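Student: Need coordinates for the below:
(chains A and B)
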Amino acid sequence: MAEKRLRILVAKPGLDGHDRGAKIIARALRDGGFEVIYTGLHQTPEMIAQAAVQEDVDAVGLSVLSGAHMTLFPEVLRLLKERGAADIAVFGGGIIPDDDAAKLKQSGVRQIFTPGASTEDIVKWVRENVSPRQ
Amino acid sequence: MSSKKDWLETTFKQAAERPARFSTVSDMEIDPLYTPEDVPGAYDTALGNPGEFPYTRGVYGSMYRGRFWTMRQFAGFGLAEDTNARFHYLLRQGQDGLSTAFDMPTLMGYDADHERAQGEVGREGVSVSTIHDMVRLFDKIPLDKVTTSMTVNCSASILLAMYLVVAERNGVAWDRVGGTIQNDMLKEYIAQKEWICPPRPAMRVVTDMIEFCAKKAPRWHAVSISGYHIREAGSTAVQELAFTIADGLCYVEEAVKRGLAVDDFAPRLSFFWNIHNDFLEEVAKLRAARRMWARLMRERFGAKNPRSLMLRTHAQTAGASLTAQQPINNVVRVAIQALAGVLGGVQSLHTNSMDETLALPTEQAVMVALRTQQIIAEETGVTNTIDPLGGSYAIEALTDRIEREAMDYIGKIDAMGGMLAAVETGYPQREIAEAAFHFQRQLEKGEKTIVGVGKYSVPEEIPIETLKIDPAIEEKQVHRVRKMKRERNAAALKVALARVSAACRSGENLMDPICDAVRSEATVGEISDIFRAEFGVYTDPGWI
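Tutor: Modelled structure (predicted):
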C-alpha cells in the first residue's frame, strides 16, 4: 500500500472536439486505480505542459483526432523538456497513421494507441510502463 | 391462437435460445417476437398516410416515387481550390447538392495565420479565412441551381454572410439562394464541442440568423437540428432523438420569444440524423422523430402550416461505427446503414467512405460511397413503395417505444427549464458520456461485437490507399491570408468591424453588419474576435 498511486494527465490538444475517446480513457484509467486529471478540450501544448508540471503527473495521455498530431505531440514533448520534465511519460492516441506513429515513437512518444485499442490494453500498458517520477 | 404471453411461456420457452443479450446497439432489449398486441395505436392517429399528419410514414405524398433523396456527399480539404475541384468532380458523378467541410480553425473562428491554427490548416476540411477563399471555393458553381450545405456552427454567421456575398457578386439574388447551414449551437455544447462564446449569446446569434433568413434568404435553412454528433459522441438512439428534438423545441421557443410567428420560420427548420448499425432501431427512430416533431409543433406552438409540422431531414451513416481494421468491410456497414436511412424516409443522405477512420476519403472511396446510394435508389426496388416497413409489428412497436422513451427525456429536460438550462448543468453531456462508457464496456466484455476488432480479426492487415494532405498547403494559405490583411482598406474595415461590435451590444440583428464586414474583407478570425470580446469565451468544463 505504500506504493504511490500514479497520476496521469489526460489531455486534449488541438481544436477538434472529439472527446469521446479521451473521456472513456480517463474513466477507464481512474477505474484502473490511477489518479486522473482531465484537461478538457482545446488545450494548447503550452497549457498541457504547464498542467503536467503543476499537477506533478507521472504520465500524459494525449488524444488527437484532427490530423494535427505531427505538430502537437512533438510540441508537448519539447515544452516538457524545456520545463525539466522530460521524464514524464507521454503516450497518445487518435486517428494516427502507422508511418506517423513510428515517427512519433522515434521522437520520444512512448506509445501510440489507434482505433480499436481496448481500455484494458491501455490500463495494462500504463501499469507496466509508467513508473512514479523521482 | 395463443396470446403473446402464453406463446412466450409455452412454445417459445420449449425452443432453445442462444446465450446472448438480445439488445440493440443502444442496449435496448428486444422481444423475441412482436405481435398485433404490441401495436395498439389506431392507423390514422399513430401513422397516417404519407404526406399527412403525423407524418410517421413520410413527409411527402409520393416520397421516392416523386424524387429520390438528395445524394449529398460531405467534402472539404486543403485550399479552397482543392475542394472546388472535388465539388466539380462530385457534380459530374451525379451528385445533386454540395456539402462543405471546413477545417478546424475555420470551424472554431480562427484564421489560418493564427497560432492556434498551426498544423490544422486544410486538414479536416477546407480552410476559409477570407471572402476570397469563399469566392474560390464556389468558383463556377451555379448558386441559384445547386443547393449547398455548410457544416459550421459557432462561426456560422460569418460563413453564411460570405456565401451570400459570393452569391451577390455572381448576380444571384438572396431569395434564389438555397441551402442549409448547420448552426446548431446547442448540440455543440452537448456533443461536437465547437464553440466560441457561452451558450446564451450563442443562442442569440442563432436566433438572429433564423430571423434574418426568414426575412431575407427565405430558401435558406438557418439551422439544421443535429443528432448526428450526439450519436457519434456515444449516445443511444433514444438520447439522440430526445436531445435533438429538445434542441429543436428550444430554437423554436427562442424565435417565438423574438416575436416571429412560428409558421414564418418553422418550415425552414431541418434535421440531421445519424444512421447507426442497428437496422430496425434506426428505421424506428426516424419514424418516431417525424411523429414527435409534428405533434409537438402543433401542441406546443400551435403551428398550422403543414410544412412547420414536417420533419425533413438529412442523414449520414455513422462514422463511429466504421473500423480502421479491415476497412473494406466498412463498405458493407455503410450500405446497410444507408438502406436503413432510406427505409426511414430521409430527404438527403451522406454515405461515409470506407477509409474515413484512417484519413479524409480518396476519390475512389467517395465514388463507392455515392454508388452505394445510387444502387439503393435504382437497383434494389425499395423506392417503389412508400414506407415499406410500416405495419411491421416490430417496427411499429419499436417506433412507439422509442418515442415514449424520448418523450420521458424531454419531460425531464422541460423540468430543468428547457435545453439551454440543461446544457448549462451538463445533463445531456453526462448522459452521453455514460452511454459511451457503457457501450465500450459491453464491447470489452464481449456482449457486443465489432467484426474485425477483437473478433474475426486478421493477423496481417492489408493497407488501403489514403489521402495525404500536403503540409505546404498551410504555408500557402497563411501567406495568402497575411497578404490580404496587408493590402486591404484598413479604414473601411475598422468602421465595418465597429458596427459588428455595436450590434453585439445593442441587440440589433448581427447578420447585416456581418455581411458588411465581410464585404470589407474582414476575416473569420477577426469577426470571431469581436464575439470573444463582446460575449466572452466558453471553456470546456471537462466533465467525465
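Student: From here on, just use CA atoms for contacts and neighbour counts.
Tutor: Noted.
Student: so how far is chain A from B:Leu98?
Tutor: The gap separating B:Leu98 from chain A is 22 Å, by C-alpha to the nearest C-alpha, to the nearest Å.
Student: could you list every residue that touches that residue?
Tutor: Taking C-alpha atoms under 8 Å, 6 or more residues apart in numbering or on different chains as the definition of contact, the neighbours of B:Leu98 are B:Arg72, B:Gln73, B:Phe74, B:Ala75, B:Phe87, B:Val146, B:Thr147, B:Thr148, B:Ser149.
Student: Between these, which sits nearest chain A?
Tutor: The shortest approach to chain A among the contacts of B:Leu98 belongs to B:Ala75, at 15.4 Å (C-alpha to the nearest C-alpha).
Student: gap between the closest one and B:Thr148?
Tutor: Here B:Ala75 is placed at a distance of 11 Å from B:Thr148 (C-alpha to C-alpha, to the nearest Å).
Student: what touches both of the two?
Tutor: Residues touching both B:Ala75 and B:Thr148 (C-alpha under 8 Å, 6+ apart) are B:Leu98, B:Ser99, B:Thr100.
Student: could those residues go into TSV alongside pLDDT and secondary structure?
Tutor: Converted to TSV, those look like this (pLDDT from 0 to 100; DSSP: H, G, I helix; E, B strand; the rest coil):
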residue	pLDDT	secondary structure
B:Leu98	93	strand
B:Ser99	94	strand
B:Thr100	96	strand
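Student: sorry, back to before: filter the contacts of B:Leu98 down to the ones in helices?
Tutor: Restricting those to those inside helices, with DSSP state H as the criterion, leaves B:Phe87.
Student: Can you say which of the contacts of B:Leu98 are buried?
Tutor: Buried by 16 or more other C-alpha atoms under 10 Å in any protein chain shown: B:Arg72, B:Gln73, B:Phe74, B:Ala75, B:Phe87, B:Thr147, B:Thr148, B:Ser149, out of these.
Student: Now the third one: closest residue in space, sequence neighbours ignored.
Tutor: Spelled out, it's B:Phe74. The shortest distance from B:Phe74 to any non-neighbouring residue, by C-alpha to C-alpha, 6 or more residues apart in numbering or on different chains, is to B:Ser99 (4.6 Å).
Student: partner residues bridging that neighbour?
Tutor: Beta bridges link B:Ser99 to B:Phe74, B:Ser149, judged by DSSP bridges.
Student: right, and it touches B:Ser149 too?
Tutor: Yes: at 4.4 Å, B:Ser99 counts as touching B:Ser149 under the criterion of C-alpha atoms under 8 Å.
Student: Just the buried residues of stretch A:56-65, please?
Tutor: Buried residues in stretch A:56-65, counting neighbours by 16+ other C-alpha under 10 Å, are found at A:Val57, A:Asp58, A:Ala59, A:Val60, A:Gly61, A:Leu62, A:Ser63, A:Val64, A:Leu65.
Student: wait, I meant stretch A:120-127
Tutor: Buried residues in stretch A:120-127, counted by 16+ other C-alpha under 10 Å: A:Ile122, A:Val123, A:Val126.
Student: Could you dump those residues into TSV with secondary structure, distance to B:Phe68 and pLDDT added?
Tutor: What follows is those, written out as TSV (DSSP: H, G, I helix; E, B strand; the rest coil; distance: C-alpha to C-alpha, whole Å; pLDDT from 0 to 100):
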residue	secondary structure	distance to B:Phe68	pLDDT
A:Ile122	helix	46	97
A:Val123	helix	48	97
A:Val126	helix	52	98
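Student: nearest to B:Phe279, of those residues?
Tutor: Distances from B:Phe279 to the buried residues of stretch A:120-127, taken as C-alpha to C-alpha, are shortest for A:Ile122 (31.6 Å).
Student: So that closest one versus chain B, what's the distance?
Tutor: Where chain B is concerned, A:Ile122 sits at a distance of 12 Å (C-alpha to the nearest C-alpha).
Student: Run through the residues that contact that residue.
Tutor: Contacts were defined as C-alpha under 8 Å, 6+ apart; by that measure A:Ile122 touches A:Ile25, A:Phe113.
Student: make it 10 Å
Tutor: With contact taken as C-alpha atoms under 10 Å, 6 or more residues apart in numbering or on different chains, A:Ile122 is in contact with A:Ile25, A:Ala28, A:Leu29, A:Gly32, A:Phe91, A:Gln111, A:Ile112, A:Phe113, A:Glu128.
Student: Go ahead and confirm the third one touches A:Val60.
Tutor: No: contact status for A:Leu29 versus A:Val60: not in contact, 11.9 Å apart, counting by C-alpha atoms under 10 Å.
Student: what's the overlap in contacts for those two?
Tutor: Counting by C-alpha under 10 Å, 6+ apart, the shared contacts of A:Leu29 and A:Val60 are A:Arg7, A:Ile8, A:Val10, A:Val36.
Student: Kindly indicate whether the residue of chain A found nearest chain B is helix, strand or coil.
Tutor: Closest contact between chain A and chain B, by C-alpha to the nearest C-alpha, is at A:Gly40 (4.0 Å). Three-state assignment for A:Gly40 (DSSP: H, G, I helix; E, B strand; the rest coil): coil.
Student: wouldn't it be in contact with B:Trp543 here?
Tutor: Yes: distance between A:Gly40 and B:Trp543: 7.6 Å, which falls inside the contact criterion (C-alpha under 10 Å).
Student: more neighbours, these two?
Tutor: Each of A:Gly40 and B:Trp543 had its neighbours counted (other C-alpha atoms under 10 Å in any protein chain shown), and the higher figure belongs to A:Gly40 (20 against 12).
Student: OK, contacts around the nearest residue to that one once chain neighbours are set aside?
Tutor: The spatial neighbour of A:Gly40 that comes closest, neighbours along the chain excluded (C-alpha to C-alpha, 6+ apart), is B:Gly542 at 4.0 Å. Taking C-alpha under 10 Å, 6+ apart as the definition of contact, the neighbours of B:Gly542 are A:Asp19, A:Lys23, A:Ile37, A:Tyr38, A:Thr39, A:Gly40, A:Leu41, B:Gly426.
Student: Now for residue 53, how many residues are close by?
Tutor: Just so you know, I chose chain A. 15.
Student: could you do chain B instead?
Tutor: Each residue near B:Phe53 was counted by other C-alpha under 10 Å, and the total is 22.
Student: for residue 9, helix, strand, or coil?
Tutor: Went with chain A since none was named. When the structure is reduced to helix, strand and coil (three-state DSSP), A:Leu9 reads as strand.
Student: not what I meant, chain B
Tutor: Recorded secondary structure, B:Glu9: helix (three-state DSSP).
Student: swap in B:Val172?
Tutor: Following three-state DSSP, we place B:Val172 in the coil state.
Student: and the residue nearest to A:Val90 when sequence neighbours are not counted, what are its phi and psi?
Tutor: The spatially closest residue to A:Val90, leaving aside those adjacent along the chain, is A:Val60, at 4.8 Å (C-alpha to C-alpha, 6+ apart). Dihedral angles phi and psi of A:Val60 (degrees, to the nearest 10) take the values phi -120, psi 130.
Student: contacting residues around A:Val60?
Tutor: Neighbouring residues of A:Val60 by C-alpha under 10 Å, 6+ apart: A:7-11, A:36-38, A:48-49, A:51-52, A:76-77, A:88-92, A:109.
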